[in-house]
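> Just a sequence and a predicted model for now, questions to come.
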Protein chains: 2
Amino acid sequence: MPQFLHADAADFETAFTALLSAKREDSPDVDDAVAQIIADVRTRGDAAVIELTSKFDRFDLTSATLAFSTAEIDAEVAKVSREDRAALDLAADRIDAYHLRQIPPDESWQDDTGAMLGWRWSAVDAAGLYVPGGLASYPSSVLMNAIPARVAGVRRVAMCCPTPDGAVNPLVLAAARISGVETIYRIGGAQAIAALAYGTETIRPVDKITGPGNAYVAAAKRRVFGKVGIDMIAGPSEVLVIADETADADWIALDLLSQAEHDESAQSILITTSKAMGHAVSAAVDRYLKTLQRRAIAGASWRDFGAIIVVRDLEEAARLSDRIAPEHLELCVEDPDALSAQITHAGAIFIGSWTPEAVGDYVGGPNHVLPTARSARFSSGLSVLDFLKRTTLARMTPDSLGAIGPAAERLAISESLEAHGLSVRARLDKVNR
Amino acid sequence: MPQFLHADAADFETAFTALLSAKREDSPDVDDAVAQIIADVRTRGDAAVIELTSKFDRFDLTSATLAFSTAEIDAEVAKVSREDRAALDLAADRIDAYHLRQIPPDESWQDDTGAMLGWRWSAVDAAGLYVPGGLASYPSSVLMNAIPARVAGVRRVAMCCPTPDGAVNPLVLAAARISGVETIYRIGGAQAIAALAYGTETIRPVDKITGPGNAYVAAAKRRVFGKVGIDMIAGPSEVLVIADETADADWIALDLLSQAEHDESAQSILITTSKAMGHAVSAAVDRYLKTLQRRAIAGASWRDFGAIIVVRDLEEAARLSDRIAPEHLELCVEDPDALSAQITHAGAIFIGSWTPEAVGDYVGGPNHVLPTARSARFSSGLSVLDFLKRTTLARMTPDSLGAIGPAAERLAISESLEAHGLSVRARLDKVNR
């Protein structure tokens, strides 16, 4: 049974704080092992990657077979049904259209001293996408990571996806092809991250690495951060549904279970103004949990981390929601737009009962790579901006330097940076001559 | 003597690659020490911060004196000369005006299925700014970090600046006041980062930490990344000047030395199409190095990491520049706009000889917190965006769900996520009924 909390109870604040700080994930300390793997890949390149793949994935590669050949990809993609292919295409088109709107404009202007100021955006040269193997090998994640990179204008997108015991997911390869991934390496773990960051004889280094992974992958990304860019370090997924008495308890139960079925560490929370709705959803979850294929996982997540919170009004719901800063927020209330306007911290908002989170996972258009574990307080979902960087521009004229140069000289002197001051002074002397 | 390379020499590629990969900084492995400090601050709060400040800064604090009082700040600010204050104000106004233009618009639109899609931006609730103590305690850095946070709409900006042996820089406090910093703690090191990330009895936690620091600060920022947002991990600073035969050798020498005087690990590189210019700049640098106050530092940087590279043409200069991906790039050539258009990877470009980098350090308007150590390949200088995050929005209608829901259901089934599929199906059944 998940927790059932009442916001007007005396011990609510204690219980809610405990819910917020619940440690949902054992983070095994794999940092030393990962440091060794990275050092090994940097020293021995392909040989290290191949050995580690043999050891961890029980799969033997050579430098020549590290990447899938075009023929191998063709063969796998041919296994994808026409219906699945059509669904992937529809998803890719919508993700593409949404992300196209994220391309930021370059700016430049003249200020009142005559100086030109501005900035321009450019794409990273190469991006590397990590896709987990096994159960969590999701084609939708390939689209969500690769399409923003392509839309940003990244010329080379590589992908690493381990194939434990040789198992390949054809849909993953199809998604990679649809989204313009150039090369797909059948390697995983910290060794894949190291190879993408530092390169090997066969694997060209990239500038930015994105995509989810296990504790080894996360630790490796943290370690190579700075050498290359990384996206976030993702934790277990979560959903918060806010519902009033007009919502459909069955729909909400399925939405909560969509999150719970991902992972035993996932978290599904319902905040509702209606105690009756809380009980109805709880009963519906229990009913679905009898038959759901992934009921062991979903049941454990719901039991250990699920919660139903009854609040006095939607203002209170919004305040609690901002403290949770949920990755996914569903608003199943009569006036969802009004409620949405009250929310500050959330990765993605699904507005109204007709917008199940699962639509956003696949075909809505917005990215499904979103900040977890309360990090929506300070970070955003994956976007085109993750694959762009900005160069600032300034062009002074003699007049503009004459206007603002003396202040620069003064500040340089106050910071005891003499050469800074002289570099301005030498020019000012020429302006004033 | 710095290296003098010729791009048409047989061994150029080897020498250039060595220059690119030169390790300019001893990164002492302080990670274990930092992990202990963070754990200590998390466990013991104020008491740990106070003890560590006694130990490292030789300065005794109590919970009541962790932050400067308003009266203390008033007293320090009163020491600032009218001229310095005016220069800070001019800088602040220009930084403010530049960063105001970075505020991104919210977007929303209706797609062809009738779904509403979009996103909106919001500021983090609280930001913490780290300012080093001692020599590198720069008031300009306070402006460059705090103003973007304020422009973004961050409601609470706190600052940590250690005061070793009680030494305070009045200009730093004045800059903090000008840029709207609310609270200034006189603490530093990993203990300051831990206190900002996790909070103590006295220090309220923040959501985002920015600002430069030593190896301890950098390691601590890397460790708290995920619990809070951080900006980049900055390395030693660098400048690349591209010059043709029309440039002024003295100006360029001073620009190179402006970088070199920061730090013995700083790097100054000149790429020029004119061998004569290369020699003239080299001679001018040597001349200034005889008298410059910081000649020991600047001389070591120039000797160990400086380089003059003679190239055949500006196209070659642009190509090499993109491989360096410099933090600061000065274009001292006859047609600097044309050359600027050929550059892809740089933190900031200073266009034309009238734009010394020192102007950008203080009063240009663009931020001086920029990506170092080749990270301009994948990252940008500090901006308003660092203090904002984006919430994606989606609102389906029965019609739009009818149009795209079946594809979502199909993909959910292909990923064996049954509840995802059912959450869509339950709604589709109602649409179709």
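Good, I have the coordinates.

> quick one, strands of the stretch 251-400 of chain A?
A:267-272, A:307-310, A:328-332, A:348-351, A:388-395 (DSSP state E, counting those that start in this stretch).

> how about CSV for the ones you listed, with distance to residue B:350, mean pLDDT and mean neighbour count added?
C-betas here are computed from N, CA, C, even on glycine. Listed next are the strands of the stretch 251-400 of chain A as CSV, based on distance: least, CB to CB, whole Å; pLDDT from 0 to 100; neighbours: other CB atoms under 10 Å in any protein chain shown:
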stretch, distance to residue B:350, mean pLDDT, mean neighbour count
strand A:267-272, 49, 97, 27
strand A:307-310, 54, 98, 23
strand A:328-332, 44, 98, 28
strand A:348-351, 40, 98, 27
strand A:388-395, 6, 98, 24
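
> now these as a markdown table including distance to chain B?
Output for those, formatted as a markdown table (distance: least, CB to the nearest CB, whole Å):
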| stretch | distance to chain B |
| --- | --- |
| strand A:267-272 | 10 |
| strand A:307-310 | 17 |
| strand A:328-332 | 8 |
| strand A:348-351 | 4 |
| strand A:388-395 | 4 |
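
> quick one: low-confidence parts of chain A?
Residue ranges of chain A with pLDDT under 70: A:26-27, A:135-136, A:433.

> Output the longest helix belonging to it.
Of all the segments of type helix in chain A, defined by DSSP state H, the longest one is helix A:82-100.

> Next, the angle strand B:388-395 makes with that one.
If you take axes from the mean of the first three to the mean of the last three CA atoms, to 10 degrees, helix A:82-100 sits at 130 degrees to strand B:388-395.

> would you put the C-alpha positions of helix A:82-100 in CSV?
Listed next in CSV are the C-alpha coordinates belonging to helix A:82-100 (Å, rounded to 0.1, in the frame of the first residue of the first chain):
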residue,chain,number,x,y,z
ARG,A,82,5.2,-1.9,-41.2
GLU,A,83,3.0,-0.7,-38.4
ASP,A,84,5.9,-0.2,-36.0
ARG,A,85,7.8,1.7,-38.6
ALA,A,86,4.8,3.9,-39.3
ALA,A,87,4.5,4.7,-35.6
LEU,A,88,8.2,5.5,-35.4
ASP,A,89,7.9,7.8,-38.4
LEU,A,90,4.9,9.6,-36.9
ALA,A,91,6.8,10.1,-33.6
ALA,A,92,9.9,11.3,-35.4
ASP,A,93,8.0,13.8,-37.5
ARG,A,94,6.3,15.3,-34.5
ILE,A,95,9.5,15.4,-32.4
ASP,A,96,11.2,17.0,-35.3
ALA,A,97,8.5,19.7,-35.8
TYR,A,98,8.5,20.5,-32.1
HIS,A,99,12.3,20.8,-31.8
LEU,A,100,12.6,22.9,-35.0
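
> can you tell me if the helix or strand that that helix is followed by touches chain B.
With elements assigned by DSSP states H and E, the helix or strand that comes after helix A:82-100 is strand A:107-110. Yes. With CB under 8 Å from any CB of the partner chain as the criterion, chain B is reached by strand A:107-110 at A:107, A:109.

> try stretch A:284-291
Yes. With CB under 8 Å from any CB as the measure, stretch A:284-291 is seen reaching chain B through residue A:288.

> Nearest approach to residue B:109 belongs to which of the strands of the stretch 251-400 of chain A?
Closest to residue B:109 of those, according to CB to CB: strand A:348-351, at 13.9 Å.

> distance between the ends of stretch A:92-106?
26 Å (CA to CA, to the nearest Å).

> Stretch A:319-338 too?
End-to-end for stretch A:319-338, by CA to CA: 14 Å.

> Equivalent analysis for stretch A:20-30, please.
Using CA to CA, the two ends of stretch A:20-30 sit 25 Å apart.

> Please point out which parts of it sit buried.
Across stretch A:20-30, burial judged by 16 or more other CB atoms under 10 Å in any protein chain shown covers A:24, A:30.

> Distance from the chain centre to whichever strand or helix holds residue A:32, please.
Assigned by DSSP H and E, residue A:32 falls within helix A:31-44. Offset of helix A:31-44 from its chain centre (CA atoms, centre = their mean, to the nearest Å): 25 Å.

> And stretch A:3-18, by the same measure?
For stretch A:3-18, the distance to the chain centre is 30 Å (CA atoms, centre = their mean).
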